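>>> Sequence plus predicted model, see below.
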Amino acid sequence: MSEDAERKIASYIKNMPSLPTTVAKVLEVCNNPKTSPADLNQVISLDPVLVGRVLKLINSAYYGLGQQVTSLVRAIIMLGINTVKNLALSSAVLRNLTSKKDFQALDMDGFWRHSLCVGVAAKVIAKKRGVDPKLAEEYFTAGLLHDIGKIPINAVLSKEYVMAVSISDRERISLHRAEDRIIGLNHAAAGFLIAKAWRLEGAVGDAIAYHHAYMEYTGPYKDVLFSVVLANRFASIMEIGFSGNRYPEKIDPAVWEYLGLERDVFDEIETVVNQEIEKAKIFLKIE
């Protein structure tokens with residue numbers, strides 16, 4: 001099954017709408033450590049939709065500035081290059097991947113709500129731990145996209161996916177284990193293929209590929225990865241959204257220890273996460 005499945009999934013990914021040119025260029029520019037807000041301004045100003053999103057974000061109640069910002073460069077300076085990069089990436093992915101036809105076995109709204117919750121919770125956890133706010137956006141994007149590999153499997157192998165979900169329910173095992181058994185590859189592996197196709201190197205790509213194999217991870221983005229793992233658990237326990245996994249595995253105590261957090265952190269962040277989900281939905285135009 002596995003080879004055939006992989007071929008179908010690879011072919012689906014190849015035909016997925018690629019990231020818009022501007023967004024690909026934004027990622028390229030932002031991956032260069034010497035990039036300045038002026039460089040980023042040059043790229044973004046070519047895309048009126050993106051300009052609109054950046055200005056909408058800086059002028060939202062989210063930042064509560066009190067005075068209107070109309071200059072794109074100023075908005076980029078105030079938001080930080082990383083925030084702008086992740087806003088561009090997140091909104092482009094959502095524009096490309098919110099077609100009902102890709103959601104045969106999963107409920108699209110439940111899936112995106114779960115993804116959004118994991119993104120927001122990862123960012124809230126990062127801020128709670130004192131991570132620089134300019135870097136916190138990376139946590140959001142990694143969380144938002146962590147389950148993206150479910151989309152191609154769902155679209156091209158929907159019968160098998162329904163089987164995997166029902167085995168997961170019946171045997172009370174985590175969905176990625178049922179996917180491995182029925183399809184011969186799981187959503188983290190499929191997600192990694194998307195990350196490669198879209199050149200999402202770094203923390204976001206690693207979170208997609210390793211969020212179920214986090215104890216095997218030896219790369220440099222453990223902080224982001226472990227935050228996403230915890231945020232994923234939060235979304236499941238609080239039942240915010242649903243992406244097919246009713247029986248998530250217990251988290252290894254090493255994650256709590258590494259992040260320096262206690263188990264009651266979920267209760268502490270619940271209200272903030274719910275507020276932030278509503279705000280994020282406005283920027284990303286998710287219903």
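In hand now; what should we look at? Numbering: from 1, shown residues only.
>>> any idea of the pLDDT on residue 102?
Looking at residue 102, its pLDDT stands at 69.
>>> Would you check the distance separating stretch 177-197 from the middle of the chain?
Distance of stretch 177-197 from the chain centroid (C-alpha atoms, centre = their mean, to the nearest Å) equals 16 Å.
>>> which residues are contacting that stretch?
Residues from elsewhere that reach stretch 177-197 (C-beta atoms under 8 Å, 6 or more residues apart in numbering): 1-3, 5-6, 9-10, 13-14, 16, 18, 145-150, 152-153, 157, 160-161, 163-165, 167-168, 171, 175-176, 200-201, 204-205, 208-213. Placement of C-beta: from N, CA and C, glycine included.
>>> for stretch 27-34, same thing?
Residues contacting stretch 27-34 (C-beta under 8 Å, 6+ apart): 19, 35, 39-40, 43, 81-82, 84-85, 88-89, 199-202.
>>> Go again with 10 Å.
19, 35-36, 39-40, 42-44, 81-82, 84-86, 88-89, 92, 198-202, 204 (C-beta atoms under 10 Å, 6 or more residues apart in numbering).
>>> Next: stretch 216-226.
122, 125-126, 129, 131, 135-136, 138-139, 141-143, 146, 202-211, 213-214, 227-229, 251-252, 254-259, 261.
>>> Now a PyMOL select for only the buried ones of the residues you listed.
In PyMOL, this line selects whichever of those come out buried by 16 or more other C-beta atoms under 10 Å:
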select buried, resi 122+125+126+131+135+136+138+139+141+142+143+146+202+203+204+205+206+207+208+209+210+211+214+227+228+229+255+258+259+261
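>>> which residues sit in contact with residue 235?
The neighbours of residue 235, taking C-beta under 10 Å, 6+ apart as the test, are 113-122, 143, 147, 241-243, 245, 248, 273, 277.
>>> Could you find the closest non-adjacent residue to it?
Among residues not flanking residue 235 along the chain, residue 117 sits closest, at 4.2 Å (C-beta to C-beta, 6 or more residues apart in numbering).
>>> how much space between the one you found and residue 210?
Separation of residue 117 from residue 210 (C-beta to C-beta, to the nearest Å) stands at 20 Å.
>>> Could you do residue 22 as well?
29 Å.
>>> Residue 39 reaches residue 81, doesn't it?
Yes: the pair residue 39 / residue 81 is scored as a contact, 9.0 Å apart, by C-beta atoms under 10 Å.
>>> neighbour count winner among the two?
Set residue 39 next to residue 81 and count neighbours by other C-beta atoms under 10 Å: residue 81 wins out with 19 against 15.
>>> Could you list which of the contacts of residue 235 belong to helices?
113-122, 143, 273, 277 (DSSP state H).
>>> Flag the least confident of those residues.
Out of the ones in helices among the contacts of residue 235, that is residue 277, at 82.
>>> I'd assumed residue 113 was in contact with it.
Yes: if you go by C-beta under 10 Å, residue 277 and residue 113 touch, sitting 7.7 Å apart.
>>> got the contact list for the residue nearest to residue 235?
Counting by C-beta under 10 Å, 6+ apart, residue 117 touches 143-144, 231-232, 234-236, 238-241, 243, 273-274, 276-277, 280.
>>> picking up where we left off before, okay, among the ones in helices among the contacts of residue 235, which ones form the most distant pair?
113 and 122 (15.0 Å; C-beta to C-beta).
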